[in-house]
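Engineer: Below is the structure, and that's it, no one-letter string:
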């Protein structure tokens, strides 16, 4: 493997370390979620923890200010409406945490729902998680560049994303 690594059982601990850093800065009405491939047991992934902060409607300005105090720079939505991105500032407490991507979304935002149901679907359907893991490994082994890897895995992710949204609508009734 060249762009991803085998599942690391330390990833949940890394998430907890990052979440513990964030929690004192955030309003209690917020939730911190471990999302992305590192949140799915057994899934190979980039060695970067993805986190979504879920906050009430209208709270994004408050979250931006809170995360500035925690050592993060707001980077806007980076082309994904409803999802605000943050980067650790150099020499801040956040810069000494494990590698991570941090986002904030209002409760019910499409980007948040997609992340949560993707994680929950694959956790609930280990056969689909194994299928996606095998596809990711095959694509990673064949990709000449990181961009080629990202592009080549796109169809697999689109399929699983569609399955996860349908599953959530049918079993949980909560995606729309």
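Structural biologist: Good, I have the coordinates. Model, not experiment: these values are computed from the prediction.
Engineer: tally of neighbours for residue 8?
Structural biologist: 13 (other C-beta atoms under 10 Å). (Each C-beta comes from the backbone N, C-alpha and C, glycine too.)
Engineer: Next, count neighbours for the closest residue to it other than its chain neighbours.
Structural biologist: Nearest residue to residue 8, sequence neighbours excluded (C-beta to C-beta, 6 or more residues apart in numbering): residue 47, at 6.9 Å. Using other C-beta under 10 Å, residue 47 has 14 other residues around it.
Engineer: which SS state does residue 47 fall under?
Structural biologist: coil (DSSP: H, G, I helix; E, B strand; the rest coil).
Engineer: thinking it is in contact with residue 10, fair?
Structural biologist: No - at 9.7 Å, residue 47 and residue 10 do not qualify as touching, with contact defined as C-beta atoms under 8 Å.
Engineer: Which residues are in contact with residue 42?
Structural biologist: Counting by C-beta atoms under 8 Å, 6 or more residues apart in numbering, residue 42 touches 7, 126, 129-130, 133.
Engineer: And it, what's its pLDDT?
Structural biologist: With respect to pLDDT, residue 42 scores 96.
Engineer: what does residue 176 give?
Structural biologist: Value for residue 176, per-residue pLDDT: 47.
Engineer: swap in residue 2?
Structural biologist: 89.
Engineer: Identify the residues contacting the helix or strand bottoming out on mean pLDDT in the chain?
Structural biologist: Least confident helix or strand, the chain: helix 146-167 with a mean of 94, by mean pLDDT, DSSP states H and E. For helix 146-167, contacts defined as C-beta under 8 Å, 6+ apart pick out 2-4, 113-114, 117-118, 120-122, 124-125, 128, 132, 135-136, 139-140, 142-143, 175.
Engineer: Just give the number of residues close to residue 31.
Structural biologist: Neighbour tally, residue 31, other C-beta under 10 Å: 13.
Engineer: Name all residues that make contact with it.
Structural biologist: 53-54.
Engineer: residue boundaries of the strands in the protein?
Structural biologist: 31-35, 49-55, 72-74, 84-88, 100-106 (DSSP state E).
Engineer: I figured residue 57 hits residue 82, correct?
Structural biologist: No - the criterion here is C-beta under 8 Å, and residue 57 misses it with residue 82 at 10.9 Å.
Engineer: who's more crowded, those two?
Structural biologist: Legend: neighbour count by other C-beta under 10 Å for residue 57 and residue 82, higher for residue 82 (17 against 9).
Engineer: Show the pLDDT at that one.
Structural biologist: Value for residue 82, per-residue pLDDT: 94.
Engineer: again with residue 72
Structural biologist: Residue 72 carries a pLDDT score of 98 in this model.
Engineer: which non-adjacent residue is nearest it?
Structural biologist: Per C-beta to C-beta, 6+ apart, closest to residue 72 is residue 86, 4.1 Å.
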